[in-house]
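Chemist: Provided below are the primary sequence and the corresponding predicted coordinates.
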Amino acid sequence: MTFNLNAWQKISNKFSTLFTILFVIIMVTLTFSADAKPKIKIKYGYSLDGFVRVQVKNETNKDLACWVAIDGFKKKFRLPPKMTSQWVTANDKRYTYTNFSTWCDYIDLHPEYQKYNRG
């Protein structure tokens with residue numbers, strides 16, 4: 001039984017090419033999925049009365065559907081591109097910034113937010 005080195009190299013090259021193509025497809029897929037969440041910035045502060053408050057900034061070029069929640073109260077709004085929302089203020093001084101919950105997503109995925117005011 002003789003072993004043909006040329007045949008082995010051809011098979012090895014085919015597997016190497018297949019592996020490279022598969023690796024590129026996986027990397028491209030992971031790269032696109034990493035861009036799925038909109039880029040926002042959350043800013044916390046205090047009002048003149050000493051209540052904690054939060055503001056959301058849209059850093060994308062698309063409209064966003066957003067909400068800010070604290071202790072069961074949820075304020076829903078639309079956020080235009082490159083704009084900042086109004087301040088949402090807590091109604092109790094015992095709250096801190098950790099009590100706020102924020103969420104934003106592309107408005108194309110949540111058309112029911114079209115009826116809400118701009119933030």
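Modeler: Perfect, I can see it now.
Chemist: mind listing the strands for this protein?
Modeler: Listed in chain order, the strands found in the chain under DSSP state E are 40-46, 52-58, 64-70, 73-79, 88-89, 101-106.
Chemist: buried deepest among the ones you listed, which one?
Modeler: strand 64-70 (a mean of 22; mean count of other CB atoms under 10 Å). All C-beta spots, glycine's among them, are computed from the backbone N, C-alpha and C.
Chemist: closest to residue 29 out of the strands of the chain?
Modeler: When those are ranked by proximity to residue 29, the top entry is strand 101-106, at 19.5 Å, counting by CB to CB.
Chemist: what lines up beside the closest one in the sheet?
Modeler: According to DSSP bridges, strand 101-106 has the following sheet partners: strand 64-70 (antiparallel).
Chemist: and the angle from the strand it pairs with to strand 52-58?
Modeler: 170 degrees (axes from the mean of the first three to the mean of the last three CA atoms, to 10 degrees).
Chemist: kindly export strand 64-70 (C-alpha atoms) in PDB.
Modeler: What follows is strand 64-70, C-alpha atoms only, in PDB (Å, rounded to 0.1, in the frame of the first residue of the first chain):
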ATOM      1  CA  LEU A  64     -35.900  55.000  19.000                       C
ATOM      2  CA  ALA A  65     -38.800  53.700  21.200                       C
ATOM      3  CA  CYS A  66     -37.900  54.100  24.800                       C
ATOM      4  CA  TRP A  67     -39.200  53.900  28.400                       C
ATOM      5  CA  VAL A  68     -37.900  54.900  31.800                       C
ATOM      6  CA  ALA A  69     -39.400  53.200  34.800                       C
ATOM      7  CA  ILE A  70     -39.200  53.600  38.500                       C
END
